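K.L.:
missing the sequence, but the structure's below:
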Ligand SMILES: [Zn+2]
């Protein structure tokens, strides 16, 4: 039997077993073939690797399955072409706000001496400032418990 490079590529990028996942792989591959219009199995394999890479960059939290790649086939190409800064889903090296760290320093606050510490004669250091970071308001991820974007900007401008 002739090797099906596209099938192998799809199995590889999605970590799908050739045997148990065959049905799913074939179904997704049929959709991808139709969507891409690429007949050549070898060329399509190459394209699958590239799209899987964009998919991972765009949606790092979403599991890459054969079906998901087929479903987002066109979208990942479009999104990947978009200039950076338009989406907060991928790391942004061009970002001048955070320099690509995706987090920004919002404040330096001195540690607080608690009542318990005072009772025990312990004074919090005045020199060891706590650095507080928040997601970059331009490209950072949403993190529960951190200031929202508007608040982060305000804190940064202080
Ligand atoms: Zn940034």
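P.N.:
Looks like it came in fine. For clarity, every value in this text was computed on a predicted model and none was experimentally measured. Residues are numbered from 1 along each chain as shown.

K.L.:
Please, where are all the helices along the chain?
P.N.:
For the chain, applying DSSP state H gives helices covering 5-14, 22-36, 41-58, 66-71, 73-81, 115-119, 149-156.

K.L.:
right, is the last one up against the ion?
P.N.:
Right, the one you point to is helix 149-156. No - counting by C-beta under 5 Å from the ion, the ion has no neighbours in helix 149-156; the shortest distance is 10.4 Å. For the C-beta atoms, the positions are set from N, CA and C on the backbone; glycine is no exception.

K.L.:
What about residue 56, how many residues nearby?
P.N.:
Residues near residue 56, counting by other C-beta atoms under 10 Å, number 14.

K.L.:
Surely it touches residue 64?
P.N.:
Yes - if you go by C-beta atoms under 8 Å, residue 56 and residue 64 touch, sitting 6.4 Å apart.

K.L.:
Return the member of the helices of the chain having the minimum mean pLDDT.
P.N.:
Of all the helices of the chain, helix 73-81 carries the lowest average pLDDT, namely a mean of 74.

K.L.:
Return the residues of the chain in contact with the ion.
P.N.:
Near the ion, when you scan the chain using C-beta under 5 Å from the ion, you find 95, 97-98, 136, 138-139.

K.L.:
Just want the most central residue of the chain.
P.N.:
residue 60 (3.7 Å; C-alpha atoms, centre = their mean).

K.L.:
what's the span of stretch 51-69, first residue to last?
P.N.:
8 Å (C-alpha to C-alpha, to the nearest Å).
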